[in-house]
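Enquirer: Okay, predicted coordinates and the sequence, questions at the end:
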Amino acid sequence: MLEMTLLNFKESITDPKFDNWDSLLINLIDLYNTHTVNNDIRDIVLRLLERRKDLGNAAKLLDHLIGELGLYPYLQEKKLDFKDRIRHTLFSAPELVDKTFHIKQAEVFHKLMSGKSVALSAPTSFGKSLIIEAIIADYKFDNIVIVVPTIALIDELKKKLHKYNDHYKIVTQSNQKVTDRNLFIYTQERVIESNNLEKVDFFVIDEFYKLAPTSTDDYRCDRLNLAFHKLHNQCKHFYMLGPNIEGISEGIEKTLSCNLVKYDHFKTVSTNEYYYEIKSTGSDNKKDEERDIHLSSILDSIGAKQQTVIFCKSPKRANNLINKIINLGIIPKSEKNSDLSHWLKEVYHQDWNLALGIEHGIACHHAKLPRSLGSLIVEMFNSSKINILVCTSTLIEGVNTNARNIIIYDDCLTRNEKLDTFTFNNISGRSGRMFEHYVGNVYILGDKPQEALPFVDIPIVSQSDNASPSMLLQISEELDDAGKRKISRYTNQTTLPIELLNKHQGIPPERLLEFAEVFVDKCGKWHRLMNWTEAYPKKNQLNHLCVLMMEYFKVTTMGSGCIRSTKQLNSRIRDVMGNVSDKDMILEEYNYRKSEDSKYTIDDAVQVIFEFKRNLIGYNLPKIIFAINDIQKLIFERFSYTPGDYSSFAVHLESFFELPALSYLEEYGIPFHISRKIINDIKLNEQDDLDDVIRKIKEKISTIRRNESISSFEHEILKNAIKFM
């Protein structure tokens, strides 16, 4: 009976001819007064907000329910009665935020401000990040650290919190200078690397469920645990937030003196879920025939103007889906994105499908894209210049968009592992947005998962079986006897000191140790090839270094297999050393692979080069080279050989043999292709840190355009980036 009543409410709300709003709302209030189905009542109220303009005088009854349910942000301030005006005042966030809390946000905020630590489990639409902003705007703390899982989230938060620049220096690089009051927005890696976190008053861990490992070699989990440990040793006051979980492993709340707060059903937007059965079994190709029929029907019903995110399990599938959507012919070409499309064709390749998709208001977003381009695409989607965004989990897990619709094209993750309930909730929760779409739509091509939500372990606290040797080595002095036995292989050997193993956290200690043991046997044979100190090694020296990285550090398993041989690794590194353009590297990769595989496309080649430059050159290879450098120095000196020094080479490689400042600009939304053009205009040099770079760009922005060193489109990108510097 109750289910039928609730269904009738929903059907009436969606009926464009329905007009008996007084009766509906009175009945809804009567049902609310039973205090048995508040979550269902809240869902119906959110749906009613979409029809507010049709309610007439009945809108007062709706506002009454909004107030009773604690959804205070949705109250219309100019029409409030005395009781709701009091509520609106009491639940206002700090003045500079200029927003009102809903009742559960206010509870969490006041817990935190009273000195309690909180781990919050709540749906995506809850508004967890507003609490972070309110804490900043209260100005109670001098030094706040916010740990986010990706650099894309650094970019998003930096823009959102830029208005607090007068009170805090926003620090996003671990080598930036600090002041008396700082807002550090770091990834876990930067927390570990940073030497400027001397005094922390409060810290935040976003997406805290990532503290629990998902596999035996989840090195990002290791680094997040180590970042948490470093911060918690300085400051016991924290806020951890994430989407719905079942709980935290036993004993952790007590150990950390924190409260797990679960508001898993308190949503601020409503969701319609639609399921489309996939009857085919076997390969993706067969299933995709069904998926594509459903996708065409859904997009046809949605139309070209609604903001829609489509989830795929891999970058390759996301790229392919752009072509499929274009070929459906549902979404016509538009001139509004022609500047970006032309620029992408000029810089990368004229047949790149992203450049073609942009012309139709379709784009993709995944971890292989250059950071500046990924940031620009999200901005264009949120401003409706792009209407369809095909993405992988890297966008879903944290970055906010204004999507009304989510289409889950793949109901599985990489390696065909089915979506679990947790991941499904995280994806589907991205539909709808407060004050933009009160009701979102989720279209699932496949089955809804039924597994239970996870318990989150924090292994660096619990020292459970989930704690890896790499993690335990970092806290060896704090371990119990069982923990010490787990790392005895490393603590009882004399080849490498524990300090060296810990210094290169992120590289498995067993890999470092195995390499060092081989090195001891071969140091005499290898010395001639390894005693170099230049930033530009000779051909045979670089080749030997590539051999070591391939044989002992498993480079072929990194970057989705974008490197397949020592010869290829050597050649690609030389391209970077020679400043070969992305366009030429893409063309070289395409021509080589096309001769082997007739189905190989320009899109494939683009992704391989992006993956190589971002994953290997920009991150993994320099870290491996620094580790090899330390090991060769230690062992050569142990046996009275003159060591080499590869630190200069590693530093130059990490910055693509460009000025380090250009990497900073990439994170601020300025592509390498543009920043290279303005080096001379703004007089960048090797010693400039991020603060120097920002100052020089702001001083010279008008001069750059007058000198016509860049196009008007590129100058517009520069101007937009400067707004948040």
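Expert: That came through fine.

Enquirer: OK, contacts around residue 247?
Expert: By CB atoms under 8 Å, 6 or more residues apart in numbering, the contact set of residue 247 is 260, 262, 455, 456. Glycine gets a C-beta too; all of them are placed from N, C-alpha and C.

Enquirer: For PyMOL, write the selection for the buried entries among the residues you listed.
Expert: Filtering the contacts of residue 247 down to the buried ones (16 or more other CB atoms under 10 Å) takes a single PyMOL command:
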select buried, resi 456
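
Enquirer: and which of the contacts of residue 247 is nearest to residue 149?
Expert: Residue 149 lies nearest to residue 456 out of those, by CB to CB, at 14.2 Å.

Enquirer: Excluding residues flanking it in the chain, which one is nearest residue 647?
Expert: residue 629 (5.9 Å; CB to CB, 6 or more residues apart in numbering).

Enquirer: helices or strands up against the particular helix or strand that has the one you found in it?
Expert: Residue 629 is located in helix 621-638, with elements delineated by DSSP states H and E. Helix 621-638 sits against helix 498-503, helix 509-530, helix 539-552, helix 647-654, with contacts defined as 3 or more CB pairs under 8 Å, 6 or more residues apart in numbering; DSSP states H and E.

Enquirer: Extract the C-alpha set from whichever helix or strand comes after the third one and format it as CSV.
Expert: Read it as helix 539-552. Once the chain leaves helix 539-552, the next helix or strand it forms, by DSSP H and E, is helix 566-577. Backbone C-alpha positions of helix 566-577 (Å, rounded to 0.1, in the frame of the first residue of the first chain) are rendered in CSV as follows:
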residue,chain,number,x,y,z
THR,A,566,64.5,-1.9,-24.8
LYS,A,567,65.1,-0.5,-28.2
GLN,A,568,61.8,1.3,-28.3
LEU,A,569,62.3,2.7,-24.8
ASN,A,570,65.7,4.0,-25.8
SER,A,571,64.3,5.6,-29.0
ARG,A,572,61.4,7.2,-27.2
ILE,A,573,63.6,8.7,-24.5
ARG,A,574,65.9,10.1,-27.2
ASP,A,575,62.9,11.7,-28.8
VAL,A,576,62.1,13.5,-25.6
MET,A,577,65.7,14.5,-25.1
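
Enquirer: tell me what whatever helix or strand comes next after helix 566-577 is packed against?
Expert: Remark: after helix 566-577, the chain's next helix or strand is helix 582-594, criterion DSSP H and E. Judged by 3+ CB pairs under 8 Å, 6+ apart, the packing partners of helix 582-594 are helix 566-577, helix 602-611.

Enquirer: Just the buried residues of helix 582-594, please?
Expert: So for helix 582-594, counting by 16+ other CB under 10 Å, buried means 582, 583, 585, 586, 587, 588, 589, 590.

Enquirer: Would you reformat the helices and strands packed on helix 621-638 as JSON lines and include mean pLDDT and mean neighbour count?
Expert: Output for the helices and strands packed on helix 621-638, formatted as JSON lines (pLDDT from 0 to 100; neighbours: other CB atoms under 10 Å):
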{"stretch": "helix 498-503", "mean pLDDT": "94", "mean neighbour count": "16"}
{"stretch": "helix 509-530", "mean pLDDT": "96", "mean neighbour count": "16"}
{"stretch": "helix 539-552", "mean pLDDT": "97", "mean neighbour count": "18"}
{"stretch": "helix 647-654", "mean pLDDT": "96", "mean neighbour count": "18"}
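
Enquirer: closest one to residue 449 among those?
Expert: Closest among the helices and strands packed on helix 621-638, using CB to CB: helix 509-530, at 34.6 Å.

Enquirer: so what does the closest one touch, helix or strand wise?
Expert: helix 469-474, helix 488-491, helix 498-503, helix 539-552, helix 621-638.

Enquirer: Tell me what angle the fourth one forms with helix 621-638.
Expert: Between the direction of helix 539-552 and that of helix 621-638, the angle (axes from the mean of the first three to the mean of the last three CA atoms, to 10 degrees) works out to 100 degrees.

Enquirer: Out of the helices and strands packed on helix 621-638, which is closest to residue 360?
Expert: Across the helices and strands packed on helix 621-638, closest to residue 360 is helix 647-654 (CB to CB), at 36.5 Å.

Enquirer: Quick one: list the elements packing against the closest one.
Expert: helix 566-577, helix 621-638.

Enquirer: Quick check: which of the ones you listed is nearest to residue 111?
Expert: helix 621-638 (39.0 Å).

Enquirer: May I see the buried residues of the closest one?
Expert: 621-636.

Enquirer: now swap in stretch 55-66 and tell me
Expert: 55, 58, 59, 61, 62, 63, 64, 65, 66.

Enquirer: just the helices and strands packed on helix 582-594: most buried one?
Expert: helix 602-611 (a mean of 22; mean count of other CB atoms under 10 Å).

Enquirer: elements contacting it?
Expert: Helix 602-611 packs on helix 315-328, helix 353-359, helix 582-594, going by 3+ CB pairs under 8 Å, 6+ apart.

Enquirer: and the angle from it to helix 315-328?
Expert: Going by the same axes, to 10 degrees, helix 602-611 makes 150 degrees with helix 315-328.

Enquirer: could the contacts of residue 247 go into TSV alongside pLDDT and secondary structure?
Expert: Formatted as TSV, these follow (pLDDT from 0 to 100; DSSP: H, G, I helix; E, B strand; the rest coil):
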residue	pLDDT	secondary structure
260	95	strand
262	95	strand
455	88	strand
456	92	strand
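
Enquirer: Correct me if wrong: residue 618 contacts residue 654.
Expert: Yes. Contact criterion CB atoms under 8 Å: residue 618 and residue 654 qualify, at 6.6 Å.

Enquirer: the bottom helix or strand of this structure by mean pLDDT?
Expert: Taking mean pLDDT, DSSP states H and E as the measure, the chain has helix 82-90 as its least confident helix or strand, at a mean of 70.

Enquirer: Pull out the buried positions in the helix or strand following it.
Expert: Note on helix 82-90: by DSSP H and E, the next helix or strand toward the C-terminus is helix 103-113. Of the residues in helix 103-113, those buried by neighbour count under the rule 16+ other CB under 10 Å are 103, 104, 105, 106, 108, 109, 111, 112.

Enquirer: just for the protein, where's the confidence low?
Expert: Where the chain drops to pLDDT under 70, the residues are 1-2, 4, 77-80, 82-84, 88, 396-399, 414-416, 435, 706-707.
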